[in-house]
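Chemist: Turn this into a model:
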Amino acid sequence: MGEGCSICGRTILAGERVHGFFEGRDQRSVCELCVARAEGLGWRAGSEPEPESKGHSHEGRLRRLFHRRDRRPGAPAPTPSTAPRRRPLPPVDELGFTPFERAVARFNSSEAGRAVAGLTRTLGAPRASVGSSAGAPEEVRITVAWELSWYQWSVDIADELSPVAELGKGGEVEQLDAAARQWNARVEQDGQLRLVGERAPSR
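Modeler: Here you go, the predicted structure:
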């Protein structure tokens, strides 16, 4: 049995890339898909712990405090009063791209997309689906599933500056709702997510 990821707890398979982080002076092992979350927790990448200093220690504790507060069950979602209302996006934009195609392009250029490409080289091609998020017409939900694990992300195509956000993860594909199991996309040999029927870009 291999070691487990310190973020998601999934067993890291032989040949899979492992990232070393430090939480203070405690060493952590992180899988490819959880690197962004480790950085968000304030963990420091590297093979040697950072010398203890009051400033860094305080900053790291604050980051972890805010992360735990934002992720705790029942925590209210932020509601900025100055946020403009967004209208549902049209099915096709001025360049002829559908929302799903735009979301896939954003995903492929993100850290999540690069992590999926790396895991595909190790674990093989996953199944994938691209669909609308329930109750959020401007958001697209992307699901990628291997035999023993699945991951979901949200792409807000109404805001080009917002990052690709992780929605959840699990171990059994049966945990996914029926819409997420409509496998209408695939991950190609080059590691790029594509909708079924979409042609690869010419080189």
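
Chemist: what's across from Asp156 in the sheet?
Modeler: Glu139 (DSSP bridges).

Chemist: Find the helix or strand that the residue nearest to the spatial centre of the chain is a member of.
Modeler: Central residue of the chain (Cα atoms, centre = their mean): Glu166, 4.0 Å from the mean position. Assessed by DSSP states H and E, Glu166 sits inside strand 165-170.

Chemist: now do Asp190
Modeler: Using DSSP H and E, no helix or strand contains Asp190.

Chemist: can you tell me how far it sits from Glu32?
Modeler: From Asp190 over to Glu32 the distance is 17 Å, taken as Cβ to Cβ, to the nearest Å. Where C-beta positions appear, they are placed from N, C-alpha and C, glycine not excepted.

Chemist: Who has more neighbours out of those two?
Modeler: Glu32 (20 against 10; other Cβ atoms under 10 Å).

Chemist: Enumerate every residue touching the more buried one.
Modeler: Glu16, Arg17, His19, Ala115, Gly118, Leu119 (Cβ atoms under 8 Å, 6 or more residues apart in numbering).

Chemist: One more: Cys31?
Modeler: For Cys31, the contact set (Cβ under 8 Å, 6+ apart) comprises Cys5, Ile7, Cys8, Arg10, Ile12, Glu16, Arg17, Val18, His19.

Chemist: Ok, Ala38 next?
Modeler: Counting by Cβ under 8 Å, 6+ apart, Ala38 touches Ser6, Ile7, His19, Phe21, Arg28, Val30, Ala45.

Chemist: Is it in a helix, a strand, or coil?
Modeler: Following DSSP: H, G, I helix; E, B strand; the rest coil, we place Ala38 in the helix state.
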